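>>> My questions concern the predicted model and sequence given below.
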Amino acid sequence: MPELLQFLVSGLTVGAVYALVALGFTLIHNASDVVNFAQGEFVMLGGMVTVFAAAAGLALPLAALLAIAVAVLVGLALHRLAIEPARGASAVTLIIITIGASIFLRGVAQIVFDKRFHQLPGFSGNDPIMVLGAAILPQSFWVLGGALLVFAGLFLFLERTLMGKAVLATAANRLAARLVGVDTSCVLALSFGLSAAIGAFAGILITPITLTSFDVGTLLALKGFAAAMLGGMGSPLGAVVGGLLLGLLEALGAGYVSSAYKDAVAFLVILAVLFAMPQGLFGHRGVERV
């Protein structure tokens, strides 16, 4: 029982991070039909900027806010300088652009920061809390609580605010939204900025547990993409459920099978979804009249 609980908490913790990354994919995909493979670099920026800002003497909360602001600026620049000029290009072209942006951001981070792994101190210390025989790091509660706040805040933003409804309208039909007066360019920029902020927040939360470096974003982007595919690309609820499920599968597989195959779980999930359930758990089948 303690062993199972340990795996479940570990899986939910890392799954919450995957869910946040998947939410970033979903926001951008809904607004622009772009699959942004630079999403993982926003997570990297959140962790690395916070680490170096704190090392420079900035208080941790201020360093975290600075990291989120930097990630948002990078997200807006990505939209303005890379995605917007390619408006109307094919999906494959846009994917290649985001992959190129990811490589570029990793190279810049390698120059600006360094190649070493870095860690932040736990927000509530590093002494584990014993729960039913399982040792749980206090940072796990910060990750889960922070993720819940983001999920709730995003839901309220989309459902209760005028700008949130503009995002939903753009996701449903960009042309119709433009015809009724929605500034779709502003909505697209907002989606990139918001997804960057969510990614950076995830990076800040997870760095005290998993460490960070200039190249951590690549694998996180792939796992976030797998979570979004599992839940249904374009579904915010699917992104959350898919991320948590992927985290649980990964933790249970590493615990009961072998940790050597931990990272393979995400790729197996992508293949299984593509073969058996292309629309994901909460996605909708697309119908095109020809």
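Now that the structure is in, tell me what you want to look at.
>>> Just the buried positions in the longest helix anywhere in the chain, please.
Identified as the longest helix of the chain according to DSSP state H is helix 2-32. Within helix 2-32, the residues scored as buried using 16 or more other Cβ atoms under 10 Å are 6-32. Backbone N, C-alpha and C define where each C-beta goes, glycine included.
>>> How far does it sit from its chain's centre?
Counting by Cα atoms, centre = their mean, to the nearest Å, helix 2-32 is centred 8 Å from the centre of its parent chain.
>>> Also stretch 72-84?
Distance, stretch centre to chain centre, for stretch 72-84: 17 Å (Cα atoms, centre = their mean).
>>> what's the answer for stretch 232-241, then?
On Cα atoms, centre = their mean, the centre of stretch 232-241 falls 12 Å from that of its chain.
>>> contacts for it?
Identification of contacts with stretch 232-241 by Cβ atoms under 8 Å, 6 or more residues apart in numbering yields 19, 22-23, 25-27, 29-30, 35, 151, 154-155, 158, 171, 227-228, 230-231, 242, 279-284.
>>> and if you look at stretch 45-53?
So stretch 45-53 is contacted by 60, 62-64, 66-68, 70-71, 74, 105, 109, 113, 118-120, 199-204, 206-207, 212-214, 216 (Cβ under 8 Å, 6+ apart).
>>> Just the mean pLDDT for it, thanks.
For stretch 45-53, the mean per-residue pLDDT is 93.
>>> For it, list the C-alpha coordinates in CSV.
This file holds the C-alpha atoms of stretch 45-53, laid out as CSV (Å, rounded to 0.1, in the frame of the first residue of the first chain):
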residue,chain,number,x,y,z
LEU,A,45,12.6,29.4,-19.3
GLY,A,46,10.5,29.3,-16.2
GLY,A,47,12.9,27.2,-14.4
MET,A,48,16.2,28.6,-15.7
VAL,A,49,15.3,32.3,-15.4
THR,A,50,14.0,31.7,-11.8
VAL,A,51,17.2,29.9,-10.8
PHE,A,52,19.6,32.5,-12.2
ALA,A,53,17.5,35.5,-11.0
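>>> low-confidence ranges in the stretch 51-200 of the chain?
Counting by pLDDT under 70, the stretch 51-200 of the chain has no low-confidence residues at all.
>>> mind listing the strands in it by residue range?
Read by DSSP state E, counting those that start in this stretch, the stretch 51-200 of the chain holds these strands, from start to end of the chain: 129-131, 134-136.
>>> V34 - how many residues pack around it?
By the criterion of other Cβ atoms under 10 Å, V34 has 24 neighbours.
>>> Hmm, I typed the wrong one, I wanted F104.
That count, for F104 with other Cβ under 10 Å as the rule, works out to 14.
>>> again with V108
Using other Cβ under 10 Å: V108 sits among 14 other residues.
>>> Of the contacts of stretch 45-53, keep whichever come out buried.
Neighbour-count burial (16+ other Cβ under 10 Å) is assigned, among the contacts of stretch 45-53, to 63-64, 66-68, 70-71, 74, 105, 109, 113, 118, 120, 199-204, 206-207, 212-214, 216.
>>> I'm done for today, thanks for sticking with me.
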